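K.L.:
let me see the structure of the following:
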Amino acid sequence: TDGNDIYVARQLVKERIQSARESMPPGVSPVIGPISTGLGEIYLWTVETEEGAKKADGKPYTPTDLREIQDWIIKPQLRNVPGVTEINSIGGYTKEFQIAPDPAKLLAHGLTMTDLVTALERNNANVGAGYIEKRGEQYLIRAPGQVKSVEDIGNVILGNAGGIPLRVSDVAEVGIGQELRTGAATDNGREVVLGTVFMLIGENSRTVSQAVDKKMQEINRTLPAGVKAVTVYDRTVLVDKAIATVKKNLFEGAVLVVAILFLFLGNIRAAIITATVIPLSMLFTFTGMVNQKVSANLMSLGALDFGIIIDGAVVIVENCVRRLAHAQEKHGRALTRSERFHEVFAASQEARRPLLFGQLIIMIVYLPIFALTGVEGKLFHPMAFTVVIALLGAMILSITFIPAAVALFIGNKVAEKENRLMLWAKRGYAPLLSRAMNAKPLVITTAVVAVVLSGLLATRLGTEFVPSLSEGDFAIQALRIPGTSLTQSVEMQKQLERTLKDKFPEIERVFARTGTAEIASDPMPPNISDGYIMLKPESEWPKPKRTRPELLAAVQEEVEKLPGNNY
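P.N.:
Residues are numbered from 1 along each chain as shown. Predicted coordinates:
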């Protein structure tokens with residue numbers, strides 16, 4: 001649960017697993033998963049070959065070769081990247097040395113399967129032989145005895161027959177084979193090897209994925225000719241999109257609020273002083289976020305309303321301008337500095353109490369959000385925290401910085417006047433207000449009926465508490481008949497991917513995982529494929545351009561035509 005030390009919890013789990021091993025069937029060995037979360041898959045890539053690529057011996061690359069490159073070249077290097085806890089692999093075949101004994105030959109030489117296994121175990125180990133001292137130096141002695149090739153395995157001695165050594169190759173066939181796999185990966189209708197980076201829990205996904213991508217570029221330069229690792233998903237893209245959206249919303253909101261201030265206050269200096277609350281309150285907010293380790297994202301910053309933030313400052317500024325204008329008119333001259341300070345202080349005192357109570361009421365509205373727990377709490381706590389901190393900063397600025405700025409920078413000539421926009425608004429509003437006051441029963445009845453109808457309508461609306469996040473791309477899960485083999489499922493997935501690529505030019509790439517990967521963080525049977533449809537930038541979509549919902553509907557309609565799949 002939240003607040004617990006993940007490493008202490010894992011240690012306790014390991015102790016329980018260790019005590020449970022004795023009661024488990026032979027050959028069953030439970031392993032604890034990587035220190036990651038359900039959102040820890042931050043970077044995915046495929047290992048594939050270029051058209052016509054061949055190995056040094058002139059043979060084309062096989063899925064086994066690609067998996068070997070993944071496991072022995074790419075994986076070890078990426079595991080050393082800070083913030084990476086594990087690398088998962090799926091697809092291709094794990095290389096194995098396989099020995100197929102001939103029962104008749106074993107029986108003819110009086111050997112059993114146990115004799116064969118024992119001989120292989122005894123002849124596949126490095127042995128330490130202590131050390132020797134020579135001329136004051138100590139040398140360690142080691143006898144390397146691990147087999148390195150098919151020939152080494154075939155030459156392992158089992159015994160002798162009439163003084164002639166009996167080798168493994170005499171009673172069995174030795175060769176290179178493939179492990180029975182539980183999962184496969186496809187990309188654009190062909191089989192590939194797919195790798196996944198698991199991020200260490202608590203790390204910054206953008207920082208880690210950028211480091212992984214940089215390392216991947218270095219690795220690509222060291223891969224055999226014709227082999228390449230192609231990035232198919234990078235969490236940095238999503239994070240950068242979210243950051244761009246936050247920047248755009250905050251900038252547009254600030255510009256809109258400042259424009260409204262200039263239009264309605266009618267005093268350029270007063271508007272500028274009021275607008276300075278926006279960057280200063282944001283600085284206050286960011287300081288609190290850094291102190292409390294709250295990240296800047298759509299949820300934490302998306303709910304900030306600059307209109308509410310400057311509300312208190314507008315009240316203070318307008319009251320100060322009103323009192324300064326009246327005092328100047330009373331004295332018939334420009335006010336001295338001490339007189340300005342006196343009037344501003346009195347104006348601030350008048351508006352301070354309603355200002356504080358009004359902003360406190362707004363802050364109290366957000367307090368119940370802090371009572372949320374679980375996923376809802378993780379989603380909405382940052383939002384409530386940033387809004388409350390921003391309002392608190394704006395409230396402090398409204399009763400400290402704003403009065404001081406008005407007293408110092410408002411200027412010597414202050415006039416309380418309404419601009420043309422306000423005069424025009426009043427001319428249109430006054431007759432409507434007069435008519436409404438003369439027809440009170442009708443207005444009240446209309447308002448009550450509207451509220452009741454709105455309440456009835458609200459009962460028929462659907463509700464959604466957790467907001468939806470659109471990354472631009474979308475996923476597709478294909479379900480086949482239970483019992484479908486992995487090979488058949490892969491062929492059906494290839495057909496699905498080729499169909500989507502041929503029919504929809506908006507799609508850049510379709511890749512999928514079928515079955516269970518090496519690390520079973522998301523175990524699936526062979527009849528299920530998790531597919532990912534990566535779209536091109538909308539600027540590259542053909543015309544007439546479809547909307548994303550229209551494209552999704554067209555994809556659903558097309559895949560329904562393929563037999564044997566459910567989605």
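
K.L.:
name the next helix or strand downstream of the helix or strand of the chain with the lowest mean pLDDT, please.
P.N.:
Least confident helix or strand of the chain, by mean pLDDT, DSSP states H and E, is helix 298-301 with a mean of 78. Downstream of helix 298-301, the first helix or strand assigned by DSSP states H and E is helix 306-309.

K.L.:
buried ones in that next one?
P.N.:
306, 308-309 (16 or more other CB atoms under 10 Å). Just so you know, the C-beta spots here come from the backbone N, C-alpha and C atoms, and that holds for glycine as well.

K.L.:
again, but for stretch 368-375
P.N.:
Buried, per 16+ other CB under 10 Å, within stretch 368-375: Ile369.

K.L.:
also stretch 294-307?
P.N.:
Result for stretch 294-307 [16+ other CB under 10 Å]: buried residues 294, 296, 298-302, 304, 306.

K.L.:
which one of these is nearest Thr37?
P.N.:
Met299 (16.7 Å; CB to CB).

K.L.:
ok so, going back, got the buried residues of helix 306-309 as a markdown table, with distance to Thr373 and pLDDT columns?
P.N.:
Formatted as a markdown table, those follow (distance: CB to CB, whole Å; pLDDT from 0 to 100):
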| residue | distance to Thr373 | pLDDT |
| --- | --- | --- |
| Phe306 | 30 | 80 |
| Ile308 | 27 | 83 |
| Ile309 | 28 | 85 |
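
K.L.:
would CSV of those with distance to Tyr61 be doable?
P.N.:
Output for these, formatted as CSV (distance: CB to CB, whole Å):
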residue, distance to Tyr61
Phe306, 57
Ile308, 61
Ile309, 60
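
K.L.:
pLDDT value on the residue lying farthest from the centre of the chain, please?
P.N.:
Residue farthest from the centre of the chain, counting by CA atoms, centre = their mean, is Gly162 at 68.6 Å. With respect to pLDDT, Gly162 scores 74.

K.L.:
also Ala271?
P.N.:
Looking at Ala271, the pLDDT reads 80.

K.L.:
also Arg546?
P.N.:
Confidence at Arg546, expressed as pLDDT, is 88.

K.L.:
is it fair to say it lies in a strand?
P.N.:
No - assessed with DSSP: H, G, I helix; E, B strand; the rest coil, Arg546 is coil; it does not lie in a strand.

K.L.:
OK, contacts around it?
P.N.:
Arg546 makes contacts with 506, 554, as judged by CB atoms under 8 Å, 6 or more residues apart in numbering.

K.L.:
what's it sitting at in phi/psi?
P.N.:
phi -90, psi 150 (degrees, to the nearest 10).

K.L.:
what segments of the stretch 201-350 of the chain are helices?
P.N.:
For the stretch 201-350 of the chain, the helices defined by DSSP state H, counting those that start in this stretch occupy 205-220, 235-265, 268-275, 277-291, 298-301, 306-309, 311-331, 337-366.

K.L.:
follow-up on the earlier one: ok, so of the buried residues of stretch 294-307, who is nearest Tyr7?
P.N.:
Val294 (23.3 Å).

K.L.:
against Pro382, how distant is the closest one?
P.N.:
As judged by CB to CB, to the nearest Å, Val294 and Pro382 stand 5 Å apart.

K.L.:
what's the overlap in contacts for those two?
P.N.:
Common neighbours of Val294 and Pro382 (criterion: CB under 8 Å, 6+ apart): Ser300.

K.L.:
ok, then the element right after the helix or strand containing Asp65?
P.N.:
Using DSSP H and E, Asp65 maps to helix 63-69. Going down the chain from helix 63-69, the next helix or strand is helix 75-78, by DSSP H and E.

K.L.:
now do that next one, average pLDDT.
P.N.:
Rounded mean pLDDT across helix 75-78 is 94.

K.L.:
what's the answer for stretch 518-534, then?
P.N.:
90.

K.L.:
follow-up on the earlier one: between the buried residues of stretch 294-307, which sits nearest Pro76?
P.N.:
Ala296 (34.5 Å).

K.L.:
contacting residues for the closest one?
P.N.:
Counting by CB under 8 Å, 6+ apart, Ala296 makes contact with 243, 246, 286, 289.

K.L.:
Asn297 too?
P.N.:
Counted by CB under 8 Å, 6+ apart, Asn297 has contacts 242-243, 246, 382.

K.L.:
at 6 Å what do you get?
P.N.:
Ala242 (CB atoms under 6 Å, 6 or more residues apart in numbering).

K.L.:
give me the phi and psi for it.
P.N.:
Backbone torsions of Asn297, given as degrees, to the nearest 10, read phi -150, psi -180.

K.L.:
then Thr182?
P.N.:
Dihedral angles (degrees, to the nearest 10) for Thr182: phi -110, psi 0.

K.L.:
kindly report the same for the one 10 residues further on.
P.N.:
For Val192, the backbone dihedrals (degrees, to the nearest 10) come out as phi -140, psi 180.

K.L.:
which non-adjacent residue is nearest it?
P.N.:
Leaving aside its chain neighbours, Val192 sits nearest to Thr46 (4.3 Å; criterion: CB to CB, 6 or more residues apart in numbering).

K.L.:
next one: the helix or strand that contains that neighbour to chain centre, how far?
P.N.:
Assessed by DSSP H and E, Thr46 sits inside strand 41-49. Centre-to-centre, strand 41-49 and its host chain are 16 Å apart (CA atoms, centre = their mean, to the nearest Å).

K.L.:
do stretch 284-293 as well
P.N.:
22 Å.

K.L.:
swap in stretch 511-526?
P.N.:
Remark: stretch 511-526 is offset 20 Å from the chain centroid, using CA atoms, centre = their mean.

K.L.:
now it: buried residues?
P.N.:
So, applying 16+ other CB under 10 Å, buried residues of stretch 511-526: 511-519, 521, 524-526.

K.L.:
of the residues you listed, which is the nearest to Asp57?
P.N.:
Glu518 (27.5 Å).

K.L.:
so the closest one touches Ser89, yeah?
P.N.:
Yes - counting by CB atoms under 6 Å, Glu518 touches Ser89, with 4.8 Å between them.

K.L.:
ranges for the strands of the stretch 51-200 of the chain?
P.N.:
Taking DSSP state E, counting those that start in this stretch as the test, the strands found in the stretch 51-200 of the chain are 84-90, 95-101, 127-134, 137-143, 157-161, 164-167, 172-178, 183-187, 190-199.

K.L.:
got TSV for those strands, with distance to Leu335 and mean neighbour count too?
P.N.:
Shown next, in TSV, are the strands of the stretch 51-200 of the chain (distance: least, CB to CB, whole Å; neighbours: other CB atoms under 10 Å):
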stretch	distance to Leu335	mean neighbour count
strand 84-90	66	21
strand 95-101	89	15
strand 127-134	95	9
strand 137-143	93	9
strand 157-161	110	14
strand 164-167	110	14
strand 172-178	91	16
strand 183-187	76	25
strand 190-199	62	24
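
K.L.:
export these to CSV and tack on distance to Thr459?
P.N.:
Below are the strands of the stretch 51-200 of the chain laid out as CSV (distance: least, CB to CB, whole Å):
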stretch, distance to Thr459
strand 84-90, 47
strand 95-101, 63
strand 127-134, 79
strand 137-143, 80
strand 157-161, 82
strand 164-167, 83
strand 172-178, 60
strand 183-187, 47
strand 190-199, 43
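
K.L.:
which one of the ones you listed lies nearest to Val150?
P.N.:
In terms of CB to CB, the element of these nearest to Val150 is strand 172-178, at 5.2 Å.

K.L.:
just the CA trace of that closest one, in CSV.
P.N.:
Extracted in CSV, the C-alpha atoms of strand 172-178 (Å, rounded to 0.1, in the frame of the first residue of the first chain):
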residue,chain,number,x,y,z
ALA,A,172,22.6,-39.6,-29.2
GLU,A,173,22.2,-36.9,-31.8
VAL,A,174,23.4,-33.5,-30.7
GLY,A,175,22.3,-30.3,-32.4
ILE,A,176,21.0,-26.7,-31.9
GLY,A,177,17.3,-26.4,-31.4
GLN,A,178,14.6,-24.1,-30.1
